[in-house]
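> Sequence plus the predicted model coming up.
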Amino acid sequence: MKNKKKIIFSFLSVSMFSVLFLLSNTWASENNATVYVDYGMTINTETPNLFGICHYPPENRISAVMPLIQNAGFNTIRYDFYYENIIPSSICPSLDYYKANTNNIQDPNSWNWSGLFWLTDAYNRGMRIMAISTYCPTWLSYSGTNTGVPKDWDVYQDIVKKVYQKYKSMITRVEMYNEIDYFLDLTNSPYSSKNVAITDMYYYAASAIRSIDSNAVIGGIAPAYYNEQQQYEELLSNSRLQPSSNLFNFFTYHSYCMTPPGGCNNYRDTCKDHGYPYTIP
């Protein structure tokens, strides 16, 4: 078996979530498994800066889990803002409530920041942070769910700006959405096409961030399926998202078991077709 090595492991897994799950349980070392890694096969070539994890251990497990994560060589954390948890319906019951600034709800000091403990902790550990701007307060979406389309772009941008502003000095790059093609709910919205809605959502969130940070590194959109070329076609053909807009600095996609080798090149081709360099990160 040339170029193949046998590895016994107790904390590595195909899924980054599984890494955290195994490391955060005392029985992990009792359940070793055997895998074979073919070091001679290149799936895709990318930057080592993306050697990281998604999700974060619970607060009461950070001290036990994160040193193991870092000792394994992980240097990046990618995780969501979860806007619906920052301004839940329990403190803001409706869009009108927010627009009227009832109980000073527009002041970020009145929001719930407890869920973003991971961001500060990761930053203090010297990790690179890819924050994901995703989901929506339920009271702000057409569907009344956190996966719906925002029904007021001004309010949506106000929230995006204030959340990003609070942590911008800690963030390495910000990603617009994660597998939004999988979960986006168009119920009660004026949209009949997910791709059109995704383009608008990307534009308004990205432009909100760019308006307060000229140096922000913004990109996306991490389709759930490797052959979702049309999402990028729709996004990058939009006149508001041309290269001169400086709203699309990198692209993201997911490489699952069904993703063909070199799959990212399809997205690079699409970017190039719309005026972006083929070497876009």
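It's in.
> Quick check: pLDDT value at Glu228.
Note on Glu228: pLDDT of 66.
> Could you do the one 4 residues further on as well?
The score at Tyr232 is 88. That number is its pLDDT.
> what sits against it?
Neighbouring residues of Tyr232 by Cβ atoms under 8 Å, 6 or more residues apart in numbering: 221, 223, 251, 267, 270-271. Quick note: C-beta positions are derived from backbone N, CA and C, even for glycine.
> And Phe251, by the same measure?
Shown in contact with Phe251 (Cβ under 8 Å, 6+ apart): 219-221, 232, 267-268, 271, 280-281.
> Thr172 too?
Thr172 makes contact with 76, 128-130, 217 under the criterion Cβ under 8 Å, 6+ apart.
> Between the contacts of Phe251, which sits nearest Val160?
For the contacts of Phe251, the minimum distance to Val160 (Cβ to Cβ) is 13.2 Å, reached by Gly220.
> Name the helix or strand for the residue nearest to the spatial centre of the chain, please.
Most central residue of the chain, judged by C-alpha distance to the mean C-alpha position with Cα atoms, centre = their mean, is Ile132 at 3.1 Å. Using DSSP states H and E, the secondary-structure element containing Ile132 is strand 128-133.
> outside of that strand, which residues touch it?
Defining contact as Cβ under 8 Å, 6+ apart, one finds that strand 128-133 is touched by 49, 52, 75-81, 119, 122-123, 160, 163-164, 167, 170-178, 205, 209.
> Strands along the stretch 1-150 of the chain, start to end?
Counting by DSSP state E, counting those that start in this stretch, residue ranges of the strands within the stretch 1-150 of the chain are 4-9, 33-38, 52-54, 76-80, 128-133.
> could you say what helices and strands the second one packs with?
Counting contacts by 3 or more Cβ pairs under 8 Å, 6 or more residues apart in numbering; DSSP states H and E, strand 33-38 is packed against strand 4-9.
> Then the shortest one?
With contacts taken as 3+ Cβ pairs under 8 Å, 6+ apart, strand 52-54 sits against helix 16-23, strand 76-80.
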